[in-house]
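In: using only what follows, build the 3D model:
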Amino acid sequence: MTAHPLKSLSEYSHFVAELLSQPNVQSSTVAVWSDSPYTSVAEGEVLFINGLRLRMREEVDLDAGLIVSYGYEVYRGEERLYWYDDFPHPNDPTLASTQPHHKHVPPDIKHNRIPAPIMSFTRPNLPALIHEIEEVGRV
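Out: Predicted coordinates for the structure are as follows:
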């Protein structure tokens, strides 16, 4: 895999395609496109052989080589198990260590947030997400 996949549309597209062609992926609707020379979006769903499903959207600033926005939701069937987002919650001191990155978890999944050290704007998040989904699926 390329060392800096967030720097060009072709490298980012190749990186995502390679990740989603692993044997643990049953199917994927993730599409990668660009609406300008400087930005890229990856969006869609990934069904894993363990029955879990990832809904994702990433927006990348290719000029800066940064993820500028993301949302990742993990489901088992129709049940949303958890999700990650980058919406800032500066008044929640429990999230300060990874602000604005956090994970919504049960119970009260909408309001129960924990720090998300695996999320980043400076490196791809998909490898860590896929690893986590494989681990959750083993339980």
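
In: residues in contact with Val16?
Out: 5, 30, 32, 42, 126 (C-beta atoms under 8 Å, 6 or more residues apart in numbering). No exception for glycine: its C-beta is placed from N, CA and C like everyone else's.

In: quick one: it is in a strand?
Out: No - according to DSSP: H, G, I helix; E, B strand; the rest coil, Val16 belongs to no strand; its state is helix.

In: can you say which of the contacts of Val16 are buried?
Out: Among the contacts of Val16, those buried by neighbour count (16 or more other C-beta atoms under 10 Å) are 5, 30, 32, 42, 126.

In: pretty sure the last one is touching Leu19, no?
Out: Yes - with contact defined as C-beta atoms under 8 Å, Leu126 and Leu19 form a contacting pair (5.3 Å).

In: what touches both of those two?
Out: Common neighbours of Leu126 and Leu19 (C-beta under 8 Å, 6+ apart) do not exist.

In: if I look at the residue with the largest distance to the centre of the chain, how far off is Val30?
Out: Most distant residue from the mean C-alpha position of the chain: Asn91, 24.0 Å away (C-alpha atoms, centre = their mean). According to C-beta to C-beta, to the nearest Å, Asn91 stands 34 Å off from Val30.

In: please consider this matter closed, and thank you.
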